[in-house]
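**Student:** Generate coordinates for the sequence data below:
(2 chains)
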Amino acid sequence: GENVEQHPSTLSVQEGDSAVIKCTYSDSASNYFPWYKQELGKRPQLIIDIRSNVGEKKDQRIAVTLNKTAKHFSLHITETQPEDSAVYFCAAHNQAGTALIFGKGTTLSVSS
Amino acid sequence: ETGVTQTPRHLVMGMTNKKSLKCEQHLGHNAMYWYKQSAKKPLELMFVYSLEERVENNSVPSRFSPECPNSSHLFLHLHTLQPEDSALYLCASSQDQGFSYNEQFFGPGTRLTVL
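**Tutor:** Down below sits the predicted model:
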């Protein structure tokens, strides 16, 4: 079945460092790849997404890259701040196109 | 706030009880979703509704029964649950479903504990 693998499961960085989270997907028909951030005790919220017709998208300190040939995409956070601490989820469409399949999440801790 | 509300926020029930979770979206969206969030499977899709029709049932046990009376409301009826069903149940909505690049807006969730 469809699968989205995400790693690492936990990531600890110092404030100001960069953080990279990687995901791979199994369905070559997937064409939309969002990233969600879930702060402790709060709901997941979309932070950035990328469609299959581009290879990179950037929004201030956050960027996402996509390699369709290799079926993997990554989230890059530069100049990390303590408020970036959260669980980050990647996702891709399932084969039927009816829903998103989420990765297992990465717990990012940014220490000051 | 994202415009998706859920009630109750917390629920404790015994294995023989019957209860319902409610989700309401005020965004004019056409698709609604139920997810189960637990330590084992952080965001596990359960059901997808599009224009009040169920389009996805992700192998969910029959003790969970969804209902979508209109595009703004979604229910999850619970009966004879097991302790392993204890989790955070999240509702979400999007403009449409499928390959249409739609952001999903999540509700705050219902924290369910089954004794």
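**Student:** where does chain A dip in pLDDT?
**Tutor:** Along chain A, segments meeting pLDDT under 70 span A:1.
**Student:** Which parts of it are strands?
**Tutor:** In chain A, the strands defined using DSSP state E lie at A:4-7, A:10-14, A:19-25, A:32-38, A:45-51, A:56-59, A:62-67, A:72-77, A:86-93, A:100-102, A:106-111.
**Student:** Mind checking if the longest one is in reach of chain B?
**Tutor:** Yes. Contact of strand A:86-93 with chain B is found when judged by CB under 8 Å from any CB of the partner chain, involving A:87, A:89, A:91, A:93. For every residue, glycine as well, the C-beta is placed using N, CA and C.
**Student:** is it true that B:T16 touches B:Q82?
**Tutor:** No. Under the criterion of CB atoms under 8 Å, B:T16 is not in contact with B:Q82, lying 11.3 Å apart.
**Student:** quick revisit: including neighbour count, could the residues of strand A:86-93 next to chain B go into TSV?
**Tutor:** Shown next, in TSV, are the residues of strand A:86-93 next to chain B (neighbours: other CB atoms under 10 Å in any protein chain shown):
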residue	neighbour count
A:V87	20
A:F89	25
A:A91	27
A:H93	26
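**Student:** of all those residues, which comes closest to B:Q95?
**Tutor:** A:H93 (15.0 Å; CB to CB).
**Student:** residue contacts, the nearest residue to that closest one once chain neighbours are set aside?
**Tutor:** Leaving aside its chain neighbours, A:H93 sits nearest to A:S30 (4.6 Å; criterion: CB to CB, 6 or more residues apart in numbering or on different chains). Residues in contact with A:S30, defined by CB atoms under 8 Å, 6 or more residues apart in numbering or on different chains, are A:52, A:92-94.
**Student:** residues in chain B within reach of chain A, list them.
**Tutor:** Within chain B, the positions adjacent to chain A are B:2, B:33, B:41-43, B:45, B:48, B:50, B:55-56, B:58, B:90, B:97-99, B:101, B:103-104, B:106-109 by CB under 8 Å from any CB.
**Student:** list the contacts for A:T80?
**Tutor:** Counting by CB under 8 Å, 6+ apart, A:T80 makes contact with A:13-19, A:61, A:108, A:110.
**Student:** List the contacts of the lowest-mean-pLDDT helix or strand in chain B.
**Tutor:** Lowest by mean pLDDT, DSSP states H and E among the helices and strands of chain B is strand B:53-57, with a mean of 83. The contact list for strand B:53-57 (CB under 8 Å, 6+ apart) reads A:96, A:98-99, B:45-49, B:66, B:68, B:97.
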